[in-house]
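Colleague: mind folding the following:
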Amino acid sequence: MGRRLARELTLKILYRYEEGDTNLPSILCTTLEGKKYKDHDKEFCRHLVEKTVNNLDIIDKHIMKVVKNWPYDRLSVIDKTILRFGTCEILYFNDIPVQVTINEAIEIAKKYGGSESGKFINGVLDAVKKSYESSNNK
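Modeller: Numbering: from 1, shown residues only. A predicted model of the protein is given here:
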């Protein structure tokens, strides 16, 4: 499966969650157990989903801090979801280079989002990265 597909599955799971299906264990089970994915890929997806959901308030604050002149509730669900798990990776997955996270999010946005989603995701996640690094004196 690889991490790209794990991130795409993360998008699908978090999209369902955002749309009101809040039974996360059930969503994870039906999404990940229906196919023969590698265990480490399923674990990465599960960890990314759970870390994102468990830290939504913090993640959303980081995103809202850098999204200026655009009401957060007006973001498309796809873009918001990609921003959330991308920001989660930036904040909590120190073993993944930030540029890899941003590039993966851009590619997923190009595939699933609108025509400008890739550029938008790039700009926002880059700003999140800079804000996070400056607040942590990296």
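Colleague: what sits against Asp60?
Modeller: Tyr72, Arg84 (C-beta atoms under 8 Å, 6 or more residues apart in numbering). Any C-beta I mention is one placed from the backbone N, CA and C, and that applies to glycine too.
Colleague: buried residues of stretch 104-117, list them for me.
Modeller: Of all the residues in stretch 104-117, those buried under the rule 16 or more other C-beta atoms under 10 Å are Glu104, Ala105, Ile106, Ile108, Ala109, Tyr112, Gly113, Ser117.
Colleague: following element in sequence after the host helix or strand of Leu91, please.
Modeller: Element membership of Leu91, judged by DSSP states H and E, is helix 77-92. Proceeding N to C from helix 77-92, the next assigned helix or strand is helix 98-112, under DSSP H and E.
Colleague: tell me what that following helix is packed against?
Modeller: Packing partners of helix 98-112 (3 or more C-beta pairs under 8 Å, 6 or more residues apart in numbering; DSSP states H and E): helix 2-18, helix 77-92, helix 117-135.
Colleague: pull the residues that contact it.
Modeller: Contacts of helix 98-112 (C-beta under 8 Å, 6+ apart): 3-4, 7-8, 11, 78-79, 82-83, 85-86, 89-90, 93, 117-118, 120-122, 125-126, 129.
Colleague: ok, now with 7 Å
Modeller: 4, 7-8, 11, 78-79, 82, 86, 89-90, 117-118, 121-122, 125-126, 129 (C-beta atoms under 7 Å, 6 or more residues apart in numbering).
Colleague: for ChimeraX, what selects the buried ones among those residues?
Modeller: Selection of the buried residues among the contacts of helix 98-112 in ChimeraX, burial being defined by 16+ other C-beta under 10 Å:
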select :7,8,11,78,79,82,86,89,90,117,118,121,122,125,129
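Colleague: from Ala6, how far off is Lys42?
Modeller: Noted for Lys42: a distance of 8 Å to Ala6, by C-beta to C-beta, to the nearest Å.
Colleague: with Ile96 instead?
Modeller: Relative to Ala6, and taking C-beta to C-beta, Ile96 is found at 12 Å.
Colleague: shaky segments in the chain?
Modeller: 1, 137-138 (pLDDT under 70).
Colleague: any idea which residue sits dead centre in it?
Modeller: Centroid-nearest residue in the chain, with C-alpha atoms, centre = their mean: Phe85, separated by 1.7 Å.
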